[in-house]
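Engineer: with the sequence up front, the predicted model follows.
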Amino acid sequence: MRYLNECEIAPLLNAGKVVEQFIGEFYHQGFKCYRYFSLQKDRHGIHLLVFEKFDESDEGLTSIYDFSSLDPDQLYGKEHDSFPSLNAVLLYLESEYEISSDKFLLAGQLDQVVGIG
């Protein structure tokens, strides 16, 4: 696993790759939860999905991607309107969440960050 910084993610998004970042953990009604986001680019712009998932590692699940969503209506993440540029989506994320400019990952590597799987 290798973290990517902001200047590395634009070419990956342009190549059709999905980029993610773990935002952190929090508690919801006494249950440990995780939050992360993913970015993907298409002809309409940059798409942002924010995921909030219960930590179900004690129930035998071994991947954050398999954990249940806090909101059953957002099983595939909370989708936001397309952003016109990478800069625009990053400014939005920085205003809403505590993100890091050098902790981006290619999709599928979050289990290693969280320490499960």
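Structural biologist: Arrived safely. Numbers count the residues shown, from 1 in each chain.

Engineer: quick one: mean pLDDT over stretch 84-96.
Structural biologist: Predicted confidence along stretch 84-96 averages 96 (mean pLDDT).

Engineer: 31 is where my numbering starts, stick with that
Structural biologist: Got it, first residue is 31 now, which makes that one stretch 114-126.

Engineer: run the chain-centre distance for that stretch.
Structural biologist: Relative to the centre of its chain, stretch 114-126 is centred 14 Å away, using Cα atoms, centre = their mean, to the nearest Å.

Engineer: same thing with stretch 86-94?
Structural biologist: Centroid separation between stretch 86-94 and its chain, computed with Cα atoms, centre = their mean, is 18 Å.

Engineer: could you tell me the end-to-end distance of it?
Structural biologist: Using Cα to Cα, to the nearest Å, the gap from the first to the last residue of stretch 86-94 comes to 8 Å.

Engineer: any weak-confidence spans in the protein?
Structural biologist: When residues are selected by pLDDT under 70, those of the chain lie in 147.

Engineer: where exactly do the strands run in it?
Structural biologist: Using DSSP state E, the strands of the chain run over 49-58, 61-72, 75-84, 108-109, 135-136.

Engineer: what's the fourth one in contact with?
Structural biologist: Counting by Cβ atoms under 8 Å, 6 or more residues apart in numbering, the neighbours of strand 108-109 from elsewhere in the structure are 77-82, 101. Any C-beta I mention is one placed from the backbone N, CA and C, and that applies to glycine too.
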